[in-house]
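Asks: Coordinates for the following, if possible.
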Amino acid sequence: MGDEELHPEDRTGGTARGLPRSPWARNARLASLPLGFAGRSALRFGRRLLGQPVDLLTGELQRRTSLHLFRVLGELKGGAMKFGQMLSVFEAALPPEVIGPYRAALTLLQEAAPALPAEQVHAVLCEELGPDWREHFAEFSDTPTAAASIGQVHRAVWADGRPVAVKIQYPGADEALLGDYAQLGRLIRLFSVVTPGLDVEPMLRELRERVADELDYRLEAAAQQAFADAYRGDKEILVPDVVTFTQRVLVSEWLDGTPLADVIREGTQAERDHAGLRYARFLFSGPERAARLHADPHPGNFRVLADGRLGVLDFGSVKHLPDGLPSSLGTLLRLAQDGDWPAADDVLVREGIITPGVPLEPAALGSFLLPLATPAAGETYRFTRDWLREEVMQAIDLRRGDLLRRFNLPPSYVLVNRVVGAATAVLCQLECEIPFRAEVARWLPGFADGEADREPAQR
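Replies: Presented below is the predicted three-dimensional model:
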């Protein structure tokens, strides 16, 4: 079967039955990925023997592998698709010769997946809201408006006339998440072909550790309402209110708008800059305003509203930060900008990020800290794909050396570090120019301390 052909389940309606619950069936689909890669590699080797150019063959291998990979991840939903969505954020880091053939396959995972059929939707609503579930709604559309990793969203009208979004968890999502993460750990080599230079193992480990939180919509409802209350009346950011919820159903006020992925693909420079500033402002301000960090910053979770505000969706992955962001983060960025590497080393030791006794070379510290400190150095910064690719190449060099072996990020830093990296990748997808330093100074504790020449933070 060729990579562009439909899987037999697609032709017979297998995916229309919803999320495959059989661990054997899911593992078989995931196992098809390395087998398909092996077949394509063998074909590439054969063509090399016939004299075809190596660079063309490599591009074809990456294109066909990525199309197969992201289609399977999307069809399976569950942990497989969630991991694919996380990878899609880093599309901007891919080299130019790789990115063209399969940018569409990456972007597809940010917005869509095969849908759960209506009869299964009704069954979940009956179990969660009761046999009279239809009485809660004046209208309910059986056709989903979005389908994601562990649930899909339907548009409806609540009994009081409010347009609402009804998020419904796929039956068997818990089994799929646990099984997928175990199987995906065996496919690290394959992901290195599709996303060269990206260290995917820590990302997969983080997802596996947060399974329980993702599956309980009651936790998501509490987090979403905390953000909605914190940003109520804000002129730039809107979080929809929660209407009702159960463990597997979450009803929120409806949010219209242009998906951020569309702004990335088609937006003018002014639209990109506008969206990028509000995107960065929301992610940085959340820990202070809501005591929480939105930890799933891929573009599918954001909308640009008609009035210019940024609408935020999906609060299944949220980190509670009662004390806000670690103050040492801002301090480290400021010290990196000043080139004060001994002081930066002291902070890293004090925070338990590196072990004492063996000083790090300034160049090594700079490689670790400057990717975020550099955009915060001037009045404005233009985030670009070329810059991100350079940073990825430096990260590859760091992994080849001994530097990262000395870093041991405490739990409070791990998720923050990943979110900052993913958000930076999205800003580079937007290729926006924004006053990034002002946002860092405004929201990141420790950055403006002791800097007399910096503008005072405006709260």
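Asks: G316 touches D213, doesn't it?
Replies: Yes: applying C-beta atoms under 8 Å as the test, G316 and D213 come out as touching, 7.3 Å apart. (Each C-beta comes from the backbone N, C-alpha and C, glycine too.)
Asks: Between those two, which is the more surrounded one?
Replies: G316 (26 against 15; other C-beta atoms under 10 Å).
Asks: Just the pLDDT for that one.
Replies: Note for G316: predicted pLDDT of 88.
Asks: Please name the nearest non-neighbouring residue to it.
Replies: E220 (4.7 Å; C-beta to C-beta, 6 or more residues apart in numbering).
Asks: In a helix, the one you found, correct?
Replies: Yes: according to DSSP: H, G, I helix; E, B strand; the rest coil, E220 belongs to a helix.
Asks: how about the helices of the stretch 251-400 of the chain, start to end?
Replies: With DSSP state H, counting those that start in this stretch, the ranges of helices along the stretch 251-400 of the chain come out as 260-266, 269-289, 327-338, 341-350, 362-373, 385-400.
Asks: Could you list the domains of the chain?
Replies: Following automatic domain parsing, the chain resolves into domains at 8-111+175-209, 118-169+216-320, 327-443.
Asks: what separates P131 from H122, distance-wise?
Replies: Applying C-beta to C-beta, to the nearest Å, the value for P131 to H122 is 10 Å.
Asks: buried set for stretch 233-244?
Replies: For stretch 233-244, burial by neighbour count (16 or more other C-beta atoms under 10 Å) applies to D234, I237, L238, V239, P240, V242, V243.
Asks: A344 reaches L332, doesn't it?
Replies: Yes: A344 lies in contact with L332 (C-beta under 8 Å); the separation is 5.8 Å.
Asks: Which neighbours do the two have in common?
Replies: L369 (C-beta atoms under 8 Å, 6 or more residues apart in numbering).
Asks: In the stretch 151-300 of the chain, where is pLDDT below threshold?
Replies: Applying pLDDT under 70 to the stretch 151-300 of the chain flags residues 175-212.
Asks: quick one, what contacts the closest residue in space to L219 that isn't next to it in sequence?
Replies: Leaving aside its chain neighbours, L219 sits nearest to D213 (5.6 Å; criterion: C-beta to C-beta, 6+ apart). The contact partners of D213, by C-beta under 8 Å, 6+ apart, come to L219, G316, S317.
Asks: And these, which is closest to W254?
Replies: Closest approach between those and W254, by C-beta to C-beta: G316, at 18.2 Å.
Asks: Against I168, how distant is the closest one?
Replies: Distance from G316 to I168, by C-beta to C-beta: 13 Å.
Asks: now L335
Replies: With C-beta to C-beta as the criterion, L335 and I168 are 48 Å apart.
Asks: and if you look at E271?
Replies: From E271 to I168 the distance is 32 Å (C-beta to C-beta).
Asks: ok so, going back, using TSV, lay out the helices of the stretch 251-400 of the chain together with distance to A118 and mean neighbour count.
Replies: As requested, the helices of the stretch 251-400 of the chain are exported to TSV (distance: least, C-beta to C-beta, whole Å; neighbours: other C-beta atoms under 10 Å):
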stretch	distance to A118	mean neighbour count
helix 260-266	27	19
helix 269-289	34	21
helix 327-338	47	21
helix 341-350	54	17
helix 362-373	46	18
helix 385-400	41	16
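Asks: ok, which stretches of the chain are strands?
Replies: 137-147, 151-158, 163-169, 237-238, 242-245, 249-253, 258-259, 292-294, 302-304, 310-312, 318-320, 381-382, 433-434 (DSSP state E).
Asks: Format these as CSV; extra columns: distance to L348.
Replies: Formatted as CSV, the strands of the chain follow (distance: least, C-beta to C-beta, whole Å):
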stretch, distance to L348
strand 137-147, 41
strand 151-158, 40
strand 163-169, 41
strand 237-238, 33
strand 242-245, 40
strand 249-253, 40
strand 258-259, 38
strand 292-294, 21
strand 302-304, 32
strand 310-312, 32
strand 318-320, 21
strand 381-382, 24
strand 433-434, 28
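Asks: Relative to C126, which of these is closest?
Replies: In terms of C-beta to C-beta, the element of those nearest to C126 is strand 249-253, at 10.4 Å.
Asks: Now do that closest one: everything it contacts.
Replies: Strand 249-253 has contacts (C-beta under 8 Å, 6+ apart) with 124-125, 128-129, 136, 156, 158, 162-169, 217, 220-221, 224, 240-245.
Asks: Try it again at 10 Å.
Replies: 124-125, 127-129, 133, 136-137, 151, 153-154, 156, 158, 162-169, 217-218, 220-221, 224-225, 228, 238-245, 313-316 (C-beta atoms under 10 Å, 6 or more residues apart in numbering).
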